[in-house]
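Fold the stuff below for me.
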Amino acid sequence: MKYLKTSPAKCKGVRACEKTCSKTFFKTEDPSKSAIQVKEVDGKFEINVCNQCGECMPVCPVVALKRNQQGVVMLDRKLCVGCLMCVGYCPTLSMRTHPDLREPFKCVACGACAKACPEKVLEIAERD
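This next block holds a predicted model:
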């Protein structure tokens, strides 16, 4: 399964990952529309991003969440009714919403943020 591996100890808080994510998927540099969130807590940075656990999938009443061939949980926007049950159920709080959007969004392990990170905090990795 493909996922975004993080190394928070290396993070300097540049937040290039957030800008790149929002620009890649929403054509705007708006950190509130980023599937990866970085926040500073007690002088250290925490990185929140979907780990592709799939625990959101069974709560979707219209089966809009499915794994692709790489094991990444994907949201089918055509099927999504915007109930946000997946957001409420996500154990890592990494399923996102935004007032401008009807459907939620999440990391799809595309790797754009990893390429943009000058500190090499992020990488696309594989796990069983």
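
Relative to Cys56, how far out is the nearest residue to Gln37 once chain neighbours are set aside?
Once flanking residues are discounted, Gln37 sits nearest to Asn48: 4.6 Å by C-beta to C-beta, 6 or more residues apart in numbering. Any C-beta I mention is one placed from the backbone N, CA and C, and that applies to glycine too. Using C-beta to C-beta, to the nearest Å, we find Asn48 at a distance of 15 Å from Cys56.

Quick check on the two: which one has the bigger neighbour count.
Neighbours per residue, other C-beta atoms under 10 Å: of Asn48 and Cys56, the larger number sits with Cys56, 23 against 17.

So for the more buried one, what pLDDT did the model give?
If you check Cys56, the pLDDT there is 97.

helix/strand/coil for the closest residue to it other than its chain neighbours?
Computed as C-beta to C-beta, 6+ apart, the closest residue to Cys56 that is not its neighbour in sequence is Cys86, at 4.0 Å. With DSSP: H, G, I helix; E, B strand; the rest coil as the basis, the three-state label of Cys86 is helix.

Kindly report the same for Lys39.
Applying three-state DSSP: Lys39 is strand.

what about the nearest residue to it once chain neighbours are set aside, helix or strand, and which?
In this structure, Lys39 finds its nearest non-sequential neighbour in Glu46, 5.5 Å apart by C-beta to C-beta, 6+ apart. Remark: Glu46 resides in strand 44-48, with elements defined by DSSP states H and E.
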